[in-house]
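# Sequence and predicted structure, then a few things I'm wondering about:
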Amino acid sequence: MKIIILITVVETLILTLWMAYSYYKRQQLDSRTTLAQTLSTTNGPSINSRIPTAAHWSAMNGSQLGGQQDDRQPMNGSVAKSNEVSSSVRRAFARKSHQLMYKKWSRDRHDS
């Protein structure tokens, strides 16, 4: 029983120290950002200096990937109205043609 209480106390202490450390690091980061913004303005902070720019976001998110190009082929997605076939047949045909187009697109993409 004593060992269970000891383990609980140690885990609680470790968790508390970890949370205090992360709070301290977060406060340091916030103060650095505030200091940099204050130093970069000449006449005090204005509303425009607090609005993030594209350069600001690209510097912050440099490790993230850029957007992907849209390499899909444009197509007319409309389906001609026909009284000869039911709507379930049209849906099945559309599903099958979409699968075939995806296979073609995937093959073209892997070949290039």
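Yep, it's here.

# Tell me which stretches of the chain form helices.
2-40, 54-60, 87-111 (DSSP state H).

# what would those helices look like in a markdown table with mean pLDDT, mean neighbour count and distance to residue 75?
Just so you know, the C-beta spots here come from the backbone N, C-alpha and C atoms, and that holds for glycine as well. Formatted as a markdown table, the helices of the chain follow (pLDDT from 0 to 100; neighbours: other Cβ atoms under 10 Å; distance: least, Cβ to Cβ, whole Å):
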| stretch | mean pLDDT | mean neighbour count | distance to residue 75 |
| --- | --- | --- | --- |
| helix 2-40 | 83 | 10 | 47 |
| helix 54-60 | 68 | 10 | 33 |
| helix 87-111 | 86 | 10 | 8 |
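
# Need these in TSV (columns: distance to residue 71).
Below are the helices of the chain laid out as TSV (distance: least, Cβ to Cβ, whole Å):
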stretch	distance to residue 71
helix 2-40	38
helix 54-60	23
helix 87-111	7
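
# For residue 72, find the nearest of the ones you listed.
Ranking the helices of the chain by proximity to residue 72 (Cβ to Cβ) places helix 87-111 first, at 7.1 Å.

# circling back to that earlier point, so which of the helices of the chain is nearest residue 73?
Of the helices of the chain, nearest to residue 73 by Cβ to Cβ is helix 87-111, at 7.2 Å.

# and the closest one, what does it pack onto?
Of the remaining helices and strands, none touches helix 87-111 by 3 or more Cβ pairs under 8 Å, 6 or more residues apart in numbering; DSSP states H and E.

# how far away is residue 20 from residue 31?
With distances taken as Cβ to Cβ, to the nearest Å, residue 20 is found 17 Å from residue 31.

# just residue 104 next, same as before
From residue 104 across to residue 31, the span is 56 Å (Cβ to Cβ).

# For residue 98, see how far away residue 88 is.
Counting by Cβ to Cβ - residue 88 and residue 98 are separated by 16 Å.

# So for residue 71, what's the pLDDT?
On pLDDT, residue 71 comes in at 70.

# No further questions, thank you.
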